[in-house]
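# Starting from these lines, generate the structure:
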Amino acid sequence: MSEKTNYTVSETQKQQFAAIYLLEYMINAPKVFQLMLEREEEDLEPILEWLLTRDFIQIKDQEKYAPTEKGRDALQRFMRRYTDFLTFFDVFCAVDLQEGTFAFASYFDFDNKLEWQRFLNDERWEDLRVAVAAYKGIDPVEIVFMSFLSENRFGRNETGWQFDLLLGSVWDEILEICKTAVSAEQLGWEDDDGFVPGESVIKDVIEQGLALIEQLHIHETAPHRNIEHQSQDSPSEATVQKVDLLAQRSNRFDATPEPPDEWQEPWSL
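Okay, the predicted model is just below:
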């Protein structure tokens, strides 16, 4: 068996992911950070300064940080990719390799979010999002980061999230998921005709996933969800118009190893 890929996340990546996370919070909650940051918020100062020097935010009335139109444009670019994540990658979060079934095939059978989560936690499901990302030539770190966003796992309502954003163990957890996730190579298996390579298996899984995505899009309410915010402030004159997920339910991915044009390069602010 070949060695697992040694995934890494650079300080630049951490800075940019942390920055877009904070920018989304400021624009979409909205959340206002005063120039004189409160205790726990002091850990956000390097991120706010990074955004400030690049004109994604500004200082308003000499007392608070506020997003700029440039910041909103940057968030729009990110949300296009995040919408793609929800439209395409998320369906591969729970696949039964023995039965060849997807948890999302039953998505609309659940009215209760808790029951749906229990269903997802069943041991039969394998998370193939990292394998699919690697097959498509996309950095799995970005995909796991987006999965943390969709699952609200950065914990804005938990003590210490401000520190965790740049320096905490959340980045170790993201890397551990990438390193231990099922790879396409591991999906290879023997049948009566010989060995079926993992690349053939992952391609077949993607083709089945694409067919399921088309079925999901038939429903008026697709399984999309905006990023949750635990706290928010009242909109003010400094508030920039919020940036929602894209409205269309079209999918731009296919079963080839190449990603769509917008995913050819790693995401950056």
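
# From here on, just use CA atoms for contacts and neighbour counts.
Noted.

# Please tell me how far the lengthiest helix in the chain is from the chain's geometric centre.
Identified as the longest helix of the chain according to DSSP state H is helix 198-218. Distance of helix 198-218 from the chain centroid (C-alpha atoms, centre = their mean, to the nearest Å) equals 19 Å.

# ok, now stretch 166-178?
With C-alpha atoms, centre = their mean, you get 14 Å for stretch 166-178.

# Can you point out the buried residues in the longest helix of the chain?
198-199, 201-203, 205-206, 208-210, 212-213, 216-217 (16 or more other C-alpha atoms under 10 Å).

# now the helices for the stretch 51-200 of the chain?
For the stretch 51-200 of the chain, helices defined by DSSP state H, counting those that start in this stretch occupy the ranges 69-87, 113-120, 129-135, 140-150, 161-164, 170-180, 198-218.

# ok, and what's touching the last one?
So that's helix 198-218. Residues outside helix 198-218 that contact it (C-alpha atoms under 8 Å, 6 or more residues apart in numbering): 87-88, 91-92, 100, 102, 104-105, 131-132, 135, 184-189, 222-223, 249-251, 254-256.

# Give me the buried subset of those residues.
87-88, 91-92, 102, 104, 131-132, 135, 184-188, 222-223, 249, 251, 254-255.

# Can you get me a residue count around residue 46?
Residue 46: 13 surrounding residues under other C-alpha atoms under 10 Å.

# What strand or helix carries it?
Assigned by DSSP states H and E, residue 46 belongs to helix 45-53.

# counting contacts, what elements does that helix pack onto?
helix 11-28, strand 57-60 (3 or more C-alpha pairs under 8 Å, 6 or more residues apart in numbering; DSSP states H and E).

# what would the ones you listed look like in JSON lines with mean pLDDT?
Below are those laid out as JSON lines (pLDDT from 0 to 100):
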{"stretch": "helix 11-28", "mean pLDDT": "94"}
{"stretch": "strand 57-60", "mean pLDDT": "96"}
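
# can you redo the buried residues of helix 198-218 as CSV with pLDDT and distance to residue 80?
Formatted as CSV, the buried residues of helix 198-218 follow (pLDDT from 0 to 100; distance: C-alpha to C-alpha, whole Å):
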residue, pLDDT, distance to residue 80
198, 90, 30
199, 93, 28
201, 94, 28
202, 97, 25
203, 96, 24
205, 97, 24
206, 97, 21
208, 97, 24
209, 96, 20
210, 96, 19
212, 94, 21
213, 92, 17
216, 87, 19
217, 83, 17
